[in-house]
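1. Compute the structure for the input listed below.
(chains A and B)
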Amino acid sequence: MSQKTFAIALMNPPYESENLTTAFRILAAMAQRGHKINVFTYEGASALAFAKQAPHPNPVHGKNLAEENHPTTKDQVAALLALAAKNGGKVDWVNCGMCVDERGVGEFVAETRRGSPADFYSFVEAADNVLAIPTR
Amino acid sequence: MAEYLLIESRDPFESNDVGYYYDLARGLAEAGNGVTLFLVQNAVFAARPSAEAPKLRALASSGVKILADDFALRERGITKLSDSVQAAPIEIVVDRLEAGHKALWH
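-> Numbering: from 1, shown residues only, chains lettered A, B, ... in the order given. Here you go, the predicted structure:
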């Protein structure tokens, strides 16, 4: 299969919805195939790449930080970018600017950027296909 | 004729909206379109032999191909599927998007 360009819209905030688990699995499958993936994160999803996320221990289960091995979405975003690059693809990860300002999450992991819904419009225009994953 | 990928994420035993999504799938198929309904997350509860089975059987009879995310099935310990549903990997979504299917998420 030749390289395709996909536009993806995400809206769910981190750590709340299984939608993101499924979304990251789809994104990883795209990255494995070396596709160009343009992701626009809107509303709560704009916090997915927030750089100050930190893993935590789980005192209820008696697990320290290492044992809990708590995944953060910022690490998942970084891993996605690395996986795509390794396979000849590229991820353009855009965090909605007004959304991050509202939430105070304007510090992003490397190689993601601030943008606006106009970026999503451009993504859709340039895409071979589009998948929008809304909140409920 | 177009090709559609309808992704259902909701549990039909929790949300009545799922029935409307099935209706959309059936309508698209009966209008001559190719339709894949991919069940993910709690939507895979419909894939069990259960009260939902006749609805999915009717949907399959109208020409809708019904798949269930194998990861979501394993997470929920679902090993037996109703006869109108097949397990499929998440890569099926990328396959369909690569092929230009129009994709909707519910």
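
2. ok, then the element right after the strand or helix carrying residue B:94?
-> For residue B:94, the element it lies in under DSSP states H and E is helix B:91-98. For helix B:91-98, the following helix or strand on the C-terminal side (DSSP H and E) is strand B:102-105.

3. That following strand pairs with which strands?
-> With DSSP bridges as the test, strand B:102-105 is paired with strand B:3-8 (parallel).

4. sec struct for the residue nearest to the spatial centre of chain B, please.
-> Centroid check for chain B by CA atoms, centre = their mean gives residue B:37 as the closest residue, at 3.0 Å. What DSSP: H, G, I helix; E, B strand; the rest coil gives for residue B:37 is strand.

5. Next: residue A:78.
-> Secondary structure for residue A:78, judged by three-state DSSP, is helix.

6. The residue lying closest to it once chain neighbours are set aside: how many residues sit nearby?
-> Nearest residue to residue A:78 in three dimensions, chain neighbours excluded: residue A:109, at 5.0 Å (CB to CB, 6 or more residues apart in numbering or on different chains). Every residue, glycine included, has its C-beta placed from N, CA and C. A count of nearby residues for residue A:109, using other CB atoms under 10 Å in any protein chain shown, gives 20.

7. So residue A:109 sits against residue A:51, correct?
-> Yes. Using CB atoms under 8 Å, residue A:109 makes contact with residue A:51 at a distance of 5.3 Å.

8. which neighbours do those two share?
-> residue A:74 (CB atoms under 8 Å, 6 or more residues apart in numbering or on different chains).

9. Quick one: residues contacting residue B:103.
-> Counting by CB under 8 Å, 6+ apart, residue B:103 touches A:129, A:130, A:131, B:4, B:5, B:6, B:7, B:93, B:96, B:97.

10. quick revisit: could you list every residue that touches the residue nearest to the centre of chain B?
-> Residue B:37 touches B:6, B:8, B:22, B:25, B:59, B:64, B:65, B:66, B:67, counting by CB under 8 Å, 6+ apart.

11. So what sits opposite it in the bridge?
-> residue B:6, residue B:66.

12. Chain B contacts on chain A?
-> Where chain A comes near chain B, counting by CB under 8 Å from any CB of the partner chain, the residues are A:1, A:4, A:6, A:18-19, A:21-22, A:25-26, A:29-30, A:33, A:35, A:128-134, A:136.

13. Tell me which residues touch residue A:74, please.
-> Residue A:74 touches A:48, A:49, A:50, A:51, A:53, A:109, counting by CB under 8 Å, 6+ apart.

14. if you set the cut-off to 6 Å instead, what comes out?
-> A:49, A:51, A:53, A:109 (CB atoms under 6 Å, 6 or more residues apart in numbering or on different chains).

15. cool, residue A:109 as well?
-> Contacts of residue A:109 (CB under 6 Å, 6+ apart): A:49, A:51, A:74, A:77, A:78.
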